[in-house]
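S.K.: My questions are about this predicted structure, shown below with the sequence.
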Amino acid sequence: MIFILVSEISFGNCFSSKDSLQQTKCKKIFLLSSCGGLTAGSLVYLNRVWYSQYNSGKFHYFDDSQEWLQMDKAGHFLSTFQISNLTMKAFNWAGFNTKQKLWIGGTLGYGYMTAIEIMDGYSTGWGFSWADMAANTLGTALAISQEAAWKEQRFNLKISFHQTSLAQYNPNLLGKDLSEQILKDYNGQTYWLSVSPFTFIKSDKKLPKWLALSFGYGADGMIGANYNNIAVIDNEGNVKQFDRVRQYYLSIDVDLSKIKTKSKFLNAVLNGLNIIKIPAPTLEMSNGKAKFHYLYF
């Protein structure tokens, strides 16, 4: 209610003002109010919906650096990168100067993920993970350093997903349906580092800066978090064994943020979708063998 009241008072005719300084002031107030409201609301929601399932205990640490073949750490890396990138763009839109955009906007995502990590530290189901914090730090650092050096993200972190048959063997941990599996089943996730070579080339020719090379990392055969998979017995009583393997990918990609249109709305949509790696022909390396996918998701 307070957030709605502040918005109505501050922004009634604010954005329509012909005074550019007044518009900038309105944007800043709106952005900071939105960030504060969304952050507080989401943390309260997580605490009630997610953490309330586990008894809160004393603050403690938890070493999960060897779990899930580090796929969860790749998720932290991507999340903080994307949040930092988004908030820096928002701060730029609101008219903040370069230092404010980098050091306040760029670190808001890091602060948010740190708050979640502290909540983990009080949960008996998890614990505060320094490995998670390291991944968060790298994600934020990648976003801020590129914005400072080039005023754009030339190296982008993306994700793709495909359903696997492994979730059925441990649905509580890997997800019962598609909506849960997208978040929980690391076997179906692939994390990508996409880079457009033409952004580094200065030329009078119109080079396709949206065309990118993408390097991916994934893993398979994980029924549980640890290296020792849980025993899986099928309907006939046979014990099924799954080998945990790392997977490396090389593919082409499209940097949607480099495609500019005359529509501000469409540009915003393309920027939002840029977190997703488009399906494309892909070369996979795993277990010392190469495999080609005509279309990899």
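M.R.: Received it, and whenever you're ready, just let me know what you need.
S.K.: quick one: the strands in the chain?
M.R.: 155-161, 189-195, 211-220, 232-233, 239-240, 245-254, 280-286, 289-296 (DSSP state E).
S.K.: Including mean neighbour count, could those go into CSV?
M.R.: C-beta here means a position set from N, CA and C on the backbone, and glycine is covered the same way. Below are the strands of the chain laid out as CSV (neighbours: other CB atoms under 10 Å):
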stretch, mean neighbour count
strand 155-161, 21
strand 189-195, 22
strand 211-220, 20
strand 232-233, 13
strand 239-240, 10
strand 245-254, 18
strand 280-286, 16
strand 289-296, 11
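S.K.: In terms of mean pLDDT, which of the ones you listed ranks lowest?
M.R.: Comparing mean pLDDT across the strands of the chain, the weakest is strand 232-233, with a mean of 72.
S.K.: In its sheet, which strands sit next to it, and in what direction?
M.R.: If you go by DSSP bridges, strand 232-233 pairs up with strand 239-240 (antiparallel).
S.K.: pLDDT weak spots in the chain?
M.R.: 1-19, 49-50, 52-55, 204, 228-231, 234-235 (pLDDT under 70).
S.K.: Identify the residue nearest the geometric centre of it.
M.R.: S79 (2.7 Å; CA atoms, centre = their mean).
S.K.: For that one, give me its contacts.
M.R.: Counting by CB atoms under 8 Å, 6 or more residues apart in numbering, S79 makes contact with 109, 113, 136, 139.
S.K.: what about burial for those, which qualify?
M.R.: 109, 113, 136, 139 (16 or more other CB atoms under 10 Å).
S.K.: Adding distance to D63 as columns, could you present these in CSV?
M.R.: Below are the buried ones among the contacts of S79 laid out as CSV (distance: CB to CB, whole Å):
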residue, distance to D63
G109, 24
M113, 18
N136, 16
G139, 20
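S.K.: Which of these fall within helices?
M.R.: 109, 113, 136, 139 (DSSP state H).
S.K.: Pull out the buried residues from the longest helix along the chain.
M.R.: In the chain, taking DSSP H as the definition, the longest helix is helix 20-49. For helix 20-49, the neighbour count (16+ other CB under 10 Å) marks 23, 25-27, 29-31, 33, 35 as buried.
S.K.: just curious, which of those is nearest to Q100?
M.R.: Proximity of those to Q100 (CB to CB) peaks at L31, which lies at 11.1 Å.
S.K.: pretty sure that closest one is touching K89, no?
M.R.: No - assessed by CB atoms under 8 Å, L31 is found out of contact with K89, at 10.8 Å.
S.K.: rewinding a little: among the ones in helices among the buried ones among the contacts of S79, find me the one that's closest to S203.
M.R.: G139 (31.1 Å).
S.K.: Fine by me, thanks again.
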